[in-house]
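Asker: 3D, please:
(one chain, ligands or ions: 1)
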Amino acid sequence: MEIQIPYSIIFTFICFLFLIRKLSNSKKPSKPLPPGPPKLPLIGNLHQLAGSLPHRRLRDLANKYGPLMYLQLGETSNVVVTSPEIVKEITKSHDQTFTNRPKILVSEILAYNSTDMTFSPYGSYWRLLRKICTLELLSVKRVQTFRKIREEEVSQAVKFIGEHEGSPVNLGKIIPPITSSIVARAAFGKKTEIVEQILSTIEYTLEVASAFMISDLYPSLKSIINPISWARYKVAKAHRRVDSLLDTIIDDHKGKKEIDVDGEANEDLIDVLLRVQKQNSNNEVTLTLENIKGVILDIFVGGTETAATTIEWAMSELMNHPEAMKKAQAEVRSVYGSKGYVDESEFHQLKYVQAVLRETLRLHPPGALLVPRENSETCEINGYEIPANSRVLINAWAIGRDPNYWSEAEKFRPERFVDNAIDYKGGNLEFIPFGFGRRICPGISFAAPVLHLILSNLLYHYDWKFPKGTSEIEMAEAFGATVRRKNDLCVVPILYSANN
Ligand code: HEM
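Answerer: Next up, the predicted model:
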């Protein structure tokens, strides 16, 4: 929370205003609200979330109050969904109603007043962005053009690890730069000093922005709170820096000669967006420079930490499950044999590695509560009224561990995904690490080869040992932009040779 002692008098005044407004506006819903824990005046259920990881706390509360639960956080209505049946009900009967995103401070500042793809409201503009993403930016064909970038970045990291052979390396520091370099080169063509500055500023901005913003909990008072919010000031300042760095890069791209001899095959994502902007210039809905910057930021935020976090959890689980580690290594080593490196040509043969990644995403979805949705109108689910503009949190983490759907739900058992058609593309609502419905993550085809390539290379080139004095990787979590490892992931690489 950003409230600090010097603001306490102002805060008391705000609470008073809020209470008066609340009392004068209150009206009764026609159907009951979903069950939920008892609330306190002014703060509602906020105190029930304090002090523990939100996805775990919400699962515990859902065990008590049910899979459709109502929470009042500050003055906002929140609905928490913790079962595939309710997700199904949403997609079947209220698909369009639940396709909005709430307007929060971060989306206003970082996402150019919610005009990026992640936060823009459902409508013709969002559909245009989505179409550009599906057909142009993140299509399988486009992602394929980045294969060389992926292979170069991963091979550099493998070499770097080799230089530390036999001593502990912190994978938590090695893996994130791989995913951000891949995204940076795909987006900007090359990794320059300016790109490095953008990456570090985005990282800092997300860190500050992932704290709760008090005005998101009391939206009706934001004109009073925002001007005095220190966190808001810091996020806005960092964003201005990213914005001007992006301007510089886009100007450079505009100065580039028209498509070179290799044509579209050589375009980076900024080239693509500038081309699409031109092609769309006479349409009813067009792309502005700000829209382009918003989409590029989406791709950075969506595509870097999520993938890095997944690999870190996969390696942590494999370290703690030596049988699964052996099986995965044996598979990669038998498929790539004496080739000496892992490229993308044989991925279709890596069935067990794929199962390891799925099992990791089941137990550790990076977006444990997905990205919040908002229902555009009041509706009824299972006999309960969901007030319009409620924030809808889907606990994908808890759904992936629901013992009604998964045997030995808390155990890491990749075998469950071998020869099993369950996948994460939105058709199996008990497994939704990439979300579901119209807002499902558009970056799956970008993420999948990155995840496979990094993990397979780590498994092919090295055997992994615990650092001296340890025999287990602890699995504590930290909640932020993603649910990532709380502590470093230190492991010892031993170079593998087929003659060992
Ligand atoms: C392991 C990797 C990833 C995971 C687990 C992940 C997960 C998610 C989730 C849970 C959502 C919200 C879906 C919903 O509301 O139902 C989402 C949305 C989104 N993701 Fe991803 N993502 C990943 C990688 C990527 C990549 C690589 C990109 C881009 C290159 C990307 C771009 C986006 C965008 C733009 C949205 C917003 C879509 C919209 O609101 O229409 N993601 N992602």
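
Asker: which residues does Cys379 contact?
Answerer: 94, 97, 385-386 (C-beta atoms under 8 Å, 6 or more residues apart in numbering). To be clear about C-beta, it is placed using only N, CA and C from the backbone, and glycine gets the same treatment.

Asker: please name every helix or strand in contact with the helix ranked longest in the chain.
Answerer: In the chain, assigned by DSSP state H, the helix with the most residues is helix 230-255. Where contact means 3 or more C-beta pairs under 8 Å, 6 or more residues apart in numbering; DSSP states H and E, helix 230-255 is packed against helix 105-110, helix 193-209, helix 269-279, helix 289-303.

Asker: could those go into JSON lines alongside distance to Glu344?
Answerer: Below are these laid out as JSON lines (distance: least, C-beta to C-beta, whole Å):
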{"stretch": "helix 105-110", "distance to Glu344": "32"}
{"stretch": "helix 193-209", "distance to Glu344": "24"}
{"stretch": "helix 269-279", "distance to Glu344": "19"}
{"stretch": "helix 289-303", "distance to Glu344": "17"}
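
Asker: looking at those, which is closest to Glu151?
Answerer: For Glu151, the closest of these is helix 289-303, at 17.2 Å, according to C-beta to C-beta.

Asker: what's the following helix or strand after that closest one?
Answerer: Sequence-wise, the next helix or strand downstream of helix 289-303 (DSSP states H and E) is helix 305-320.

Asker: quick check: angle from that next one to helix 193-209?
Answerer: 80 degrees (axes from the mean of the first three to the mean of the last three C-alpha atoms, to 10 degrees).

Asker: I'd like the next helix or strand past helix 305-320.
Answerer: Following helix 305-320 in sequence, per DSSP H and E, is helix 322-336.

Asker: next one: the helix or strand immediately after that next one in the chain to chain centre, how far?
Answerer: Sequence order places helix 351-363 as the next helix or strand after helix 322-336, per DSSP H and E. Centre-to-centre, helix 351-363 and its host chain are 17 Å apart (C-alpha atoms, centre = their mean, to the nearest Å).

Asker: over to stretch 360-376?
Answerer: 8 Å.

Asker: residue numbers of the stretch 101-250 of the chain in contact with the ligand?
Answerer: Neighbours of the ligand within the stretch 101-250 of the chain, by C-beta under 6 Å from any ligand atom: 117-118, 130, 138.

Asker: report the two of those residues separated the most.
Answerer: The largest separation in these, counting by C-beta to C-beta, is between Thr118 and Leu138 at 13.2 Å.

Asker: picking up where we left off before, want to try CSV for the helices and strands packed on helix 230-255, with mean neighbour count and mean pLDDT as columns?
Answerer: Shown next, in CSV, are these (neighbours: other C-beta atoms under 10 Å; pLDDT from 0 to 100):
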stretch, mean neighbour count, mean pLDDT
helix 105-110, 23, 86
helix 193-209, 18, 84
helix 269-279, 18, 91
helix 289-303, 22, 92
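
Asker: ok, how many other residues are close to Lys191?
Answerer: Residues lying near Lys191 (other C-beta atoms under 10 Å) number 17.

Asker: quick check, pLDDT for it.
Answerer: Per-residue pLDDT puts Lys191 at 82.

Asker: isn't it right up against Ile182?
Answerer: No - checked against C-beta atoms under 8 Å, the pair Lys191 and Ile182 is beyond contact range at 9.9 Å.

Asker: is Asp488 in a helix, a strand, or coil?
Answerer: Here Asp488 is recorded as coil under DSSP: H, G, I helix; E, B strand; the rest coil.

Asker: go ahead and confirm it touches Val169.
Answerer: No - using C-beta under 8 Å, Asp488 is not in contact with Val169, being 9.9 Å away.

Asker: of these two, which one has the most company?
Answerer: A count of neighbours by other C-beta under 10 Å puts Val169 above the other of Asp488 and Val169, at 21 against 13.

Asker: can you map out the helices along the stretch 351-500 of the chain?
Answerer: 351-363, 396-399, 444-461 (DSSP state H, counting those that start in this stretch).

Asker: the ligand: which of these is closest?
Answerer: Of all those, helix 444-461 sits nearest to the ligand, with 3.8 Å by C-beta to the nearest ligand atom.

Asker: tell me which parts of this protein are close to the ligand?
Answerer: 117-118, 130, 138, 298-299, 302-303, 306-307, 310, 366-367, 370-371, 433-436, 439-443, 446-447.

Asker: now which of those would you call buried?
Answerer: 117-118, 130, 138, 298-299, 302-303, 306-307, 310, 366-367, 370-371, 433-436, 439, 441-443, 446-447 (16 or more other C-beta atoms under 10 Å).

Asker: what's the most buried one of the helices of the stretch 351-500 of the chain?
Answerer: helix 396-399 (a mean of 26; mean count of other C-beta atoms under 10 Å).

Asker: pick out the residue of the stretch 51-200 of the chain closest to the ligand.
Answerer: Thr118 (3.9 Å).

Asker: which non-adjacent residue is nearest that residue?
Answerer: Setting aside the residues directly before and after it, Thr118 is nearest to Asp298 in space (C-beta to C-beta, 6 or more residues apart in numbering), at 5.1 Å.

Asker: next one: Ser120
Answerer: Closest to Ser120 by C-beta to C-beta, 6+ apart is Trp126, at 4.6 Å.

Asker: quick check: that neighbour touching Phe119?
Answerer: No - using C-beta under 8 Å, Trp126 is not in contact with Phe119, being 9.4 Å away.

Asker: for Ile132, what are its contacts?
Answerer: 273, 276, 287, 295.

Asker: hmm, Asp116 and the last one touching each other?
Answerer: Right, Val295. Yes - with contact defined as C-beta under 8 Å, Val295 reaches Asp116; the gap is 6.0 Å.

Asker: which neighbours do those two share?
Answerer: With C-beta under 8 Å, 6+ apart as the test, Val295 and Asp116 both reach Leu129.

Asker: show me where the stretch 1-150 of the chain has helices.
Answerer: With DSSP H, counting those that start in this stretch as the criterion, the stretch 1-150 of the chain has helices spanning 8-25, 46-49, 54-65, 84-93, 105-110, 124-132, 140-145, 147-162.
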